[in-house]
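1. just need the structure, nothing else, for what follows:
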Amino acid sequence: MTTTLSPRPIQALPDHLISQIAAGEVVERPSAVVKELLENALDAGATSITVRLEEGGVKRIAIIDNGRGIPADQLPLAVQRHATSKISSLEELENVATLGFRGEALASISSVAILTLTTRTAEAPHAWQIESGKITPASGAQGTTVDVQDLYYNTPARRKFLKSEQTEFGHCAEVVRRIALARPDVSFSLSHNGKTVDHWNVSAIDKRSATILGDGFANARLAVDECAGPLRLHGFIGLPTASKGRADAQYFYVNGRFVRDKLLTHAVRAAYQDVLHGDRYPSYVIALDLDPALVDVNVHPSKIEVRFRDSRAVHQFVFHAVNRALAQTSATAFGTVPAPATAGLGEATSNNGRMPWISGEQTSFSAQFASPAFGIKDSDLNQSGSYGGNAGNSAGYDYSFMQQRAQGAGVAQSAESYGAFFGGKTAQAGESNLPNDDHPLGFALAQLHGIYVLAQNSKGLVLVDMHAAHERILYEQLKNALDENAMPVQSLLIPMTFHADGIEVGTAEENQDILKSLGFDIAAISPTTLAVRAVPALLKNADAQSLARDVLREVREFGGSRVLIDRRNELLGTLACHTAVRANRSLTIVEMNALLRQMEQTERADQCNHGRPTWVQLGLNDLDRMFMRGQ
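-> Predicted coordinates:
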């Protein structure tokens, strides 16, 4: 049923109603109040902050800090709309270095709750308090206390949309955790209904993150700290073994501000693609620092999203930084991790500090393998030129180039050939097999049911899934072989045309250089039609229209596309899986040791390319507990 409203004249809204409308965006729920007040406390230079909540923050939210405080003569302005000390010009807005800057939080909160603000500066003889516009002397230490009571008392309809007390408290606690992770140099205390829930003293970020995210993350994380021009990424990323079924342990900060930005999330997810199993989500606490002029934080009401001036450079920098850190996860968790590949960031920056399109991994492909030893038999390639039967054909790949290589030396060959395949020394019969730190995976003892390799190292017993381990080794070698050569491009005899919307046409016209670097020639032949004239040779049999749309979408959203490399890796993963040593294949001690040595030298060897673990460690203490030794 619709109701027709009688015409009304245009009129200015009263200030109080304006504030309540603004509060609908700023004060979405109690946790939003906590966030705004915590950011104000940090902007005031606080080093100790206490958060007290009652009934999930609906009845009361009190934030006590030891910051600079507010002079008494500025208190009336502090609770007015659009009054702030943090910016005063457009130039300062474009270079925001504080968490808050709009000057509307206190005014919005006071329009839907009873707000009392008590503050004292270092020079003031006593504190001052403002409530309902009245300023009175008060007692209190240096800093500010903001007491918010009876949230939505004057807008009961808004209260009906709130969840249970525990749910609202959970959201508030999560906000405190996010900010505490960003500022380990500040102590935080959180209480609910008079009971202390959390307390974090000033500490280093490694200890703060371990306390908040737990031992599961602390014991399975990698440090990240890379710089390139004006960009710096630092923090901790979880090993694939620390992944979770939900994306609830992902903390990304831009200039100290927690954000949920799809560009940054995509970059991190892409870096984990080769090592995560199924629908698992990585855990991480990482911060991106850059010149405030290079990022716009004024694009979302709650400032949880940002916009970068050069989104492509940021995406590629984050992806490669996380990818390089994950590449250290060769099977050396209990030994010395080999030095990562040279980042080359010094040579990577150009164009006045802007990151260029890092094309090594994205555009290096070959029409044939450079190495003759990949362990693939000619019989493995069917007559249609596809590998792995129907699964390969369904992807639309061209596999014919893979027949142009010499007979391989797979694990099914002799021990001598297998050792040569790995290109390193293997333990010969009679050599000392005593475990040492030079060989973190130790030395082979036996094979279990033709599936697992049992080895002894200085920590205890190592169990290796030989198929998963060999699969990762082959997969990385296949990728490296293709990356060493330029990507061939296949021109289409008859260009494929398709109807496109204005956004797709605009993307194609504005990003010709990027598309060509990816091996595509896509041109607009009319305002509503695109023509695909060339595609990467590796994907010449794929659906050109679907491929072009996917590439254009990612170029538009992320400043580049990983569609090509994802499809390439899908192919190589299939090849590696079918070529790797199979279950029930009997290996000699020499062959098993050769496998262990190559695992120690292979990047990401902790997981196969499906994300499953390739090996586990059973320490002597674990074994002692199993057999109740010493009890």
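
2. right, and Ser108 touches Glu28 too?
-> No: assessed by C-beta atoms under 8 Å, Ser108 is found out of contact with Glu28, at 10.5 Å. C-beta here means a position set from N, CA and C on the backbone, and glycine is covered the same way.

3. run through the helices of the stretch 151-300 of the chain in chain order.
-> With DSSP state H, counting those that start in this stretch as the definition, the stretch 151-300 of the chain shows helices at residue ranges 156-159, 165-182, 205-213, 215-218, 262-271.

4. just checking, what packs against the longest one?
-> In other words, helix 165-182. helix 30-43, strand 48-54, strand 187-192, strand 195-200, helix 205-213, strand 250-254, strand 257-259 (3 or more C-beta pairs under 8 Å, 6 or more residues apart in numbering; DSSP states H and E).

5. what ranges do the helices span in the stretch 501-631 of the chain?
-> Going by DSSP H, counting those that start in this stretch, the stretch 501-631 of the chain shows helices at 502-510, 512-517, 544-558, 563-579, 589-601, 620-626.

6. got JSON lines for these, with mean neighbour count and mean pLDDT too?
-> Listed next are the helices of the stretch 501-631 of the chain as JSON lines, based on neighbours: other C-beta atoms under 10 Å; pLDDT from 0 to 100:
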{"stretch": "helix 502-510", "mean neighbour count": "16", "mean pLDDT": "90"}
{"stretch": "helix 512-517", "mean neighbour count": "16", "mean pLDDT": "84"}
{"stretch": "helix 544-558", "mean neighbour count": "19", "mean pLDDT": "84"}
{"stretch": "helix 563-579", "mean neighbour count": "20", "mean pLDDT": "72"}
{"stretch": "helix 589-601", "mean neighbour count": "23", "mean pLDDT": "91"}
{"stretch": "helix 620-626", "mean neighbour count": "12", "mean pLDDT": "89"}
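
7. for the ones you listed, which one sits closest to Arg257?
-> helix 544-558 (20.7 Å; C-beta to C-beta).

8. any residues touching that closest one, and which ones?
-> Contact partners of helix 544-558, identified using C-beta atoms under 8 Å, 6 or more residues apart in numbering, comprise 262-263, 266-267, 311-312, 315, 492, 496, 498, 503-504, 507-508, 511, 514-515, 518, 520, 522, 530, 532, 535, 539, 560-564.

9. confidence score at Met500?
-> Careful, residue 500 is Ala; it's not Met. In the predicted model, Ala500 carries a pLDDT score of 91.

10. what bridges to the closest residue in space to it that isn't next to it in sequence?
-> Using C-beta to C-beta, 6 or more residues apart in numbering and skipping the chain neighbours, the partner closest in space to Ala500 is Leu530 (4.4 Å). Counting by DSSP bridges, Leu530 is bridged to Phe498, Ala524.

11. quick check: the gap between Leu530 and Pro536.
-> According to C-beta to C-beta, to the nearest Å, Leu530 stands 17 Å off from Pro536.

12. quick one, which of the two is more surrounded?
-> Leu530 (25 against 21; other C-beta atoms under 10 Å).

13. low-confidence ranges, the stretch 251-400 of the chain, go.
-> Applying pLDDT under 70 to the stretch 251-400 of the chain flags the ranges 278, 329-400.

14. kindly reformat the helices and strands packed on helix 165-182 as CSV containing mean neighbour count and distance to Val96.
-> CSV is the format used below for those (neighbours: other C-beta atoms under 10 Å; distance: least, C-beta to C-beta, whole Å):
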stretch, mean neighbour count, distance to Val96
helix 30-43, 24, 11
strand 48-54, 21, 21
strand 187-192, 19, 23
strand 195-200, 14, 26
helix 205-213, 19, 23
strand 250-254, 20, 11
strand 257-259, 20, 9
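
15. so how far is Asp310 from the most centrally placed residue in the chain?
-> Closest to where the C-alpha atoms of the chain average out (C-alpha atoms, centre = their mean) is Val268, at 3.2 Å. Val268 sits 18 Å away from Asp310, taking C-beta to C-beta as the criterion.

16. check Ser209 too.
-> 29 Å.

17. try Ile61
-> Relative to Asp310, and taking C-beta to C-beta, Ile61 is found at 39 Å.

18. between those two, which one's more packed in?
-> A count of neighbours by other C-beta under 10 Å puts Ile61 above the other of Ile61 and Asp310, at 25 against 19.

19. who is the more buried one paired with across the strands?
-> Taking DSSP bridges, one obtains Leu53, Val148 as the residues bridged to Ile61.

20. what sits against it?
-> 30, 33-34, 37, 51-53, 146-149, 151, 172.

21. got JSON lines for those, with pLDDT too?
-> Shown next, in JSON lines, are those (pLDDT from 0 to 100):
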{"residue": "Pro30", "pLDDT": "93"}
{"residue": "Val33", "pLDDT": "93"}
{"residue": "Val34", "pLDDT": "95"}
{"residue": "Leu37", "pLDDT": "94"}
{"residue": "Val51", "pLDDT": "97"}
{"residue": "Arg52", "pLDDT": "97"}
{"residue": "Leu53", "pLDDT": "97"}
{"residue": "Val146", "pLDDT": "95"}
{"residue": "Asp147", "pLDDT": "96"}
{"residue": "Val148", "pLDDT": "95"}
{"residue": "Gln149", "pLDDT": "95"}
{"residue": "Leu151", "pLDDT": "92"}
{"residue": "Cys172", "pLDDT": "96"}
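
22. need the residues you listed in TSV (columns: distance to Met626).
-> Converted to TSV, the contacts of Ile61 look like this (distance: C-beta to C-beta, whole Å):
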residue	distance to Met626
Pro30	48
Val33	51
Val34	47
Leu37	52
Val51	45
Arg52	47
Leu53	45
Val146	55
Asp147	56
Val148	54
Gln149	56
Leu151	54
Cys172	43
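
23. re the thing from before, nearest to Val590, out of the helices of the stretch 151-300 of the chain?
-> Nearest to Val590 among the helices of the stretch 151-300 of the chain is helix 262-271 (35.9 Å), distances taken as C-beta to C-beta.

24. buried set for that closest one?
-> Going by neighbour count (16 or more other C-beta atoms under 10 Å), the buried part of helix 262-271 is 263-271.

25. strand 250-254 and that helix, what's the angle between them?
-> Helix 262-271 runs at 130 degrees relative to strand 250-254, counting by axes from the mean of the first three to the mean of the last three C-alpha atoms, to 10 degrees.

26. residues in contact with helix 262-271?
-> Helix 262-271 has contacts (C-beta under 8 Å, 6+ apart) with 237, 250, 252, 254, 282, 284, 286, 288, 308, 311, 314-316, 318-320, 322-323, 326, 557-558, 562.

27. and the angle from that helix to helix 544-558?
-> Relative orientation of helix 262-271 versus helix 544-558 (the same axes, to 10 degrees): 120 degrees.

28. return the distance of helix 262-271 from the chain's centre.
-> 5 Å (C-alpha atoms, centre = their mean, to the nearest Å).

29. before we move on, the earlier item: dump the residue contacts of the residue nearest to Ala500.
-> Leu530 touches 497-498, 500, 504-505, 508, 522-524, 548, counting by C-beta under 8 Å, 6+ apart.

30. could you do Thr84 as well?
-> By C-beta under 8 Å, 6+ apart, the contact set of Thr84 is 100-103.

31. got it, and Arg177?
-> Arg177 makes contact with 198, 212, according to C-beta under 8 Å, 6+ apart.

32. that one and Glu226: what is the separation?
-> From Arg177 over to Glu226 the distance is 25 Å, taken as C-beta to C-beta.

33. same check on Arg183?
-> 22 Å.

34. quick one: which of those two has more around it?
-> Neighbours were counted for Arg183 and for Glu226 using other C-beta under 10 Å; Arg183 has more, 21 against 18.

35. buried sites along stretch 280-298?
-> By neighbour count with 16+ other C-beta under 10 Å, stretch 280-298 contains the buried residues 280-288, 290, 292, 294-297.

36. next step: those restricted to strands.
-> If you go by DSSP state E, the buried residues of stretch 280-298 have 284-288, 295-296 in strands.
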